[in-house]
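Enquirer: Pasting the sequence and the predicted coordinates here, then a few questions.
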There are 4 protein chains.
Amino acid sequence: MSDRTLIDAEKRRQPSPVRPRQGADPVRSDLGRLTVQCADRPGIVAAVSQFLTDHGANIVESDQATTDPVDGQFFLRMTFHRPGLQAHLDDMTKNFTKALVEKFEVTEWSLRDASTPKRVAIMVSKYDHCLLDLLWRARRGELPVDIGLVISNHADLASEVRTFGVPFVHMPVTRDTKPEAEARQLQLLQGNFDLVVLARYMQILSADFLASVGCPVINIHHSFLPPFAGAGPYERAKERGVKLIGATAHYATEDLDEGPIIEQDVVRVRHSDNIAALKRRGADVERLVLSRAVLWHCEDRVLRQGNSTVVFS
Amino acid sequence: MSDRTLIDAEKRRQPSPVRPRQGADPVRSDLGRLTVQCADRPGIVAAVSQFLTDHGANIVESDQATTDPVDGQFFLRMTFHRPGLQAHLDDMTKNFTKALVEKFEVTEWSLRDASTPKRVAIMVSKYDHCLLDLLWRARRGELPVDIGLVISNHADLASEVRTFGVPFVHMPVTRDTKPEAEARQLQLLQGNFDLVVLARYMQILSADFLASVGCPVINIHHSFLPPFAGAGPYERAKERGVKLIGATAHYATEDLDEGPIIEQDVVRVRHSDNIAALKRRGADVERLVLSRAVLWHCEDRVLRQGNSTVVFS
Amino acid sequence: MSDRTLIDAEKRRQPSPVRPRQGADPVRSDLGRLTVQCADRPGIVAAVSQFLTDHGANIVESDQATTDPVDGQFFLRMTFHRPGLQAHLDDMTKNFTKALVEKFEVTEWSLRDASTPKRVAIMVSKYDHCLLDLLWRARRGELPVDIGLVISNHADLASEVRTFGVPFVHMPVTRDTKPEAEARQLQLLQGNFDLVVLARYMQILSADFLASVGCPVINIHHSFLPPFAGAGPYERAKERGVKLIGATAHYATEDLDEGPIIEQDVVRVRHSDNIAALKRRGADVERLVLSRAVLWHCEDRVLRQGNSTVVFS
Amino acid sequence: MSDRTLIDAEKRRQPSPVRPRQGADPVRSDLGRLTVQCADRPGIVAAVSQFLTDHGANIVESDQATTDPVDGQFFLRMTFHRPGLQAHLDDMTKNFTKALVEKFEVTEWSLRDASTPKRVAIMVSKYDHCLLDLLWRARRGELPVDIGLVISNHADLASEVRTFGVPFVHMPVTRDTKPEAEARQLQLLQGNFDLVVLARYMQILSADFLASVGCPVINIHHSFLPPFAGAGPYERAKERGVKLIGATAHYATEDLDEGPIIEQDVVRVRHSDNIAALKRRGADVERLVLSRAVLWHCEDRVLRQGNSTVVFS
């Protein structure tokens, strides 16, 4: 039985409860979301607004940023209400391309039904705090996601994950089997998910993997960045007497821990906190920061530009 | 010599350095700011955007909020770049009224040259921390304000204020002289200022005063709101063992401390903090919160609706 | 079968994993904890230190507070290392009473083996966020507790709780059955637990219940205190445009929400946060604040004095 | 006229108001402070407590830390009340040496009259925010310091400083004159001050200077540490899309920005903050962090151990 079949069987047996619960945090239907990125130029906001109005949509939320009033980069996120949106989405997409993409040299854009949850896969090793927080928030309806798969290089968290009705696939990785393991991971992920979340996955993903997976990958880094370099960052931090412990969620890129930052936060520590306490407090920040990053990404609030981000949070 | 003459004389003698310094935090010229409030309805963003485009303006920042997608209240703040803005501002104002105000039943709106600092008067009693922070930030160019007058019911802070080149007028207030004192204060304030800031002014202003002063009044409340009621709030807080001390900046209204909140913040306290320490920490929060509220107000980031605010910070 | 039997059966069937895991956050054995409260007077620290030294103990942590250098109240918490502590604890307790309690008129004191987890019962209604956070932290070994029972007036969370190997008892409460329900609750709780945690338990406990339960009761209040009075606090807060949402953990007393505060925290909110978002952010603060309060209480860091607390965190 | 004479003349002419004001934050007289550092060993707390009791002192505050219960390093800070302290301080100092220093192999200790403010000199370049904050807090009585001298390599802030009644000495520094300038600085500082504060002093002090100045030197670093390496840290941070801006106060050591950390803090930033806004927000954090570090140092709350610190705040 292939992994794919396993998942399908698992899904049939036990419909995943880790989807936005009906009624928990009601997502109004007929809400759409449009994001646009291009070089800033006169008339772009007016044109986009007019486009939506012409298509029967009422703008209910709008965020916009420009890196510089002159020759800057332009970022737009609009949420709109369009009765019967689902039936019109294809037409709107086609018309947007024709009417605006070329004219304003739009480099990135997306147009989505806000009520469709993003399909998310999680990769994890042994630490459970980030994983459980995501599963638990998803079940509460706090995250607009459908978590369809958890992949781990260890078997420890299997029963935990399956309690949530989510398939868990154990894929051990050693130095020798890494290429093969990544190939099998890609088989499960490609085309099936809109987002992969590394919830303390302790293996380094190859550049090939990132190039092939076909969707963004969000990582949580157990440190405020830039960090204390090298091994034992908490030990190094303790030696230096740091007063704040942090975490950073960012998009994974080929350069380890150098990807665009989505969210960071810190927590105050005291000299009476030993290494174990630093790690415990660090874990609390990690799960908060990662859950915010996933929420904002899934609500299309994070627009990426080079190695930076604009976050409309 | 009337107070007004005194101020003029003072101004002639020593040009106020408490204006945005050239070059400190450069305000690009030809930047304008438009705010709009009305019932939400389809097409409003498109219409406003089109209006600006038609008047040769490029939108460089845009914030928008809706209280509810259906039948909600709509709030918009746009910053735009228009070469030669100063010369076109009157025309734009006239045209905006004709083209949009009636059609969209706009209830509140403003159109301003962002490079013109707001004229600010400060009222204060004896505590200097909020006052000095504002004077000092204004001199550094951190606040887009022209502080033209300080009124106090005590003489203590006179030389301090005049060091900044700002006129200081001492107006004692007793129960008996209050109506008369307020009349003299209004004489100095009416028509001369865009904003009055109560920087720990310990007198209660009458409803008449607030109705007559002709501009918004911002107050700093030395507590997180709602507060411990009655006298000795820090003492009451200490008795209860509170862990956070706060401050609230709000628009002054007839109902004492019940006006729309602009900004709040808190700071953590410990059992080892005595009442004096609570007050010292409280003072730090007060001046930060007040300076943020004044900055955001002066950058037209605070839109007031009933007893609430939308703050595009 | 009585409730008590039920619990015993449950426990036999499935040993609770919700105890500090071996090795997770290692509690060094032979560590003891002493807390002392009395009127401040010369020599008390020296006498207590000498007492511990005389009993072969090395002080490894010490916190002390005095409300006032003259005629104040004195609070002490000491952690000490004593090889073979378990065997000496009774003797030390006896000797402490003889040597110090009378001489220094000690009003409150405790002497405990720090490696013995506190026995905790949780009462909950329908909201799961505080409950799950406690169960999950206990399983991770982040809380030095043995969670032995969950009582709820609703059946919703039964399977969730039992997944953690913790007994769940459903006890519906109506206006008419409340006295009887409290009597049955007391039957389960009295003598069996060192702490009761109200993790969003929506019933008001009677003064009789609190007087009879025989251990401290910690409550989480879904608001920064003092709160907006009356019904719909989040709605009231939204109307006023508050910028921070808070939560307060306190000891439950007869006066609803007026007990001594253990911990408070806040989170910043924006005008774009609707009521649902306020509640979601509020829930995040609630579980953090409650878990800190439980941790500190169980580590004997919270000393209560009248309606206030000294927290050695 | 030498610099020294200049200062004396200046002082005679205008008595510095930058000393703790009478009554502002009342320092109770007869309060003493004792700090002790040594290898942890049984009986040390008891012995110190007994010592104080034997000398007629009542301990009113006590903080203690141990890096490890077994073979760790021990840190103690005690505040005590001793009627007529001033007259007994010499005796207590002599007796402490005899009774405890050798017996417990105490490596660092201090015994001081808490009501004697520390003599502080400030070094600054052109940015005024940290300098003014210190001068202003000192005048308000928020810092237990006597600021006796400001040295700057630029003349810009002279009148500002002298307004506070504090001598200002302008000492230009070029690459060629640096050794000579440092020699003249040392002439002013050696033996005259208990603390030197670098309030955004942009020259690097030589190892010789730090070894010769004869008192601790506190520096404020305009970044959360470790920082973005190299030039233009705010620009680098902006490129990476960081979400928090920080500052770090630490003791200056030969290794630039590598000294023991006293305090750190951060402030949240948004994509809409341009470089100027990042710097403005950074300045707010810098002055808060530096003022806390100076306060805690001057209240003997910072105990230094190798490259780390224990801060009893």
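Expert: Done, it's in.

Enquirer: all contacts plus neighbour counts: C-alpha atoms, from now on.
Expert: Noted.

Enquirer: and the residue of the stretch 51-200 of chain A found nearest chain C, what element?
Expert: Nearest residue of the stretch 51-200 of chain A to chain C, counting by C-alpha to the nearest C-alpha: residue A:142, 7.3 Å away. Using DSSP states H and E, residue A:142 sits within no helix or strand.

Enquirer: Point out where chain A drops to low pLDDT.
Expert: Applying pLDDT under 70 to chain A picks out residues A:1-28, A:69-70, A:224-234, A:236-238, A:240-241.

Enquirer: how near is the residue of the stretch 51-200 of chain A closest to chain C to residue A:298?
Expert: In this structure, residue A:142 and residue A:298 are 11 Å apart, going by C-alpha to C-alpha, to the nearest Å.

Enquirer: what's the answer for residue A:97, then?
Expert: Plainly put, residue A:97 is 23 Å away from residue A:298 if you go by C-alpha to C-alpha.

Enquirer: Which one's more surrounded, the two?
Expert: Using other C-alpha atoms under 10 Å in any protein chain shown, the more surrounded residue of residue A:97 and residue A:298 is residue A:298, with 20 against 13.

Enquirer: didn't the more buried one look like it was pressed against residue A:145?
Expert: Yes - contact status for residue A:298 versus residue A:145: in contact at 7.2 Å, counting by C-alpha atoms under 8 Å.

Enquirer: Common neighbours of the two, please.
Expert: A:117, A:118 (C-alpha atoms under 8 Å, 6 or more residues apart in numbering or on different chains).

Enquirer: what about the longest helix in chain A?
Expert: Identified as the longest helix of chain A according to DSSP state H is helix A:275-298.

Enquirer: how far does the one helix or strand residue A:110 maps to sit from the chain's center?
Expert: Assigning secondary structure by DSSP H and E places residue A:110 in strand A:108-113. When distances are taken as C-alpha atoms, centre = their mean, to the nearest Å, strand A:108-113 is centred 16 Å away from the chain's centroid.

Enquirer: Could you tell me the angle between the helix or strand just after that strand and helix A:275-298?
Expert: Remark: after strand A:108-113, the chain's next helix or strand is strand A:118-124, criterion DSSP H and E. Going by axes from the mean of the first three to the mean of the last three C-alpha atoms, to 10 degrees, strand A:118-124 is angled at 160 degrees with respect to helix A:275-298.

Enquirer: so what secondary structure elements neighbour the helix or strand following strand A:118-124?
Expert: Per DSSP H and E, the first helix or strand lying C-terminal to strand A:118-124 is helix A:129-140. Counting contacts by 3 or more C-alpha pairs under 8 Å, 6 or more residues apart in numbering or on different chains; DSSP states H and E, helix A:129-140 is packed against strand A:145-152, helix A:275-298.

Enquirer: closest to chain D out of the ones you listed?
Expert: Chain D lies closest to helix A:275-298 among the helices and strands packed on helix A:129-140, at 10.6 Å (C-alpha to the nearest C-alpha).

Enquirer: So which elements touch that closest one?
Expert: helix A:129-140, strand A:217-221, helix A:233-240, strand A:244-251, strand A:261-268.

Enquirer: now those as JSON lines including distance to residue C:312 and mean neighbour count?
Expert: Output for the helices and strands packed on helix A:275-298, formatted as JSON lines (distance: least, C-alpha to C-alpha, whole Å; neighbours: other C-alpha atoms under 10 Å in any protein chain shown):
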{"stretch": "helix A:129-140", "distance to residue C:312": "27", "mean neighbour count": "22"}
{"stretch": "strand A:217-221", "distance to residue C:312": "31", "mean neighbour count": "24"}
{"stretch": "helix A:233-240", "distance to residue C:312": "21", "mean neighbour count": "18"}
{"stretch": "strand A:244-251", "distance to residue C:312": "19", "mean neighbour count": "24"}
{"stretch": "strand A:261-268", "distance to residue C:312": "15", "mean neighbour count": "23"}
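
Enquirer: Of all these, which one is nearest residue B:259?
Expert: Proximity to residue B:259 (C-alpha to C-alpha) singles out strand A:261-268 among the helices and strands packed on helix A:275-298, at 32.1 Å.

Enquirer: Export the closest one to PDB, keeping only CA atoms.
Expert: Only the C-alpha atoms of strand A:261-268 are listed here, as PDB (Å, rounded to 0.1, in the frame of the first residue of the first chain):
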ATOM      1  CA  ILE A 261      10.800  37.100   8.100                       C
ATOM      2  CA  ILE A 262       7.100  36.900   8.700                       C
ATOM      3  CA  GLU A 263       6.900  37.300  12.500                       C
ATOM      4  CA  GLN A 264       9.100  37.600  15.500                       C
ATOM      5  CA  ASP A 265       8.500  37.900  19.200                       C
ATOM      6  CA  VAL A 266      10.400  37.800  22.400                       C
ATOM      7  CA  VAL A 267       9.800  37.000  26.100                       C
ATOM      8  CA  ARG A 268      11.700  38.400  29.000                       C
END
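
Enquirer: May I see the domains of chain A written out as residue ranges?
Expert: Here the domain parsing of chain A from automatic domain parsing is A:3-19+A:116-311, A:31-113.

Enquirer: Quick one: closest of these to residue B:67.
Expert: Across the domains of chain A, closest to residue B:67 is domain A:31-113 (C-alpha to C-alpha), at 8.8 Å.
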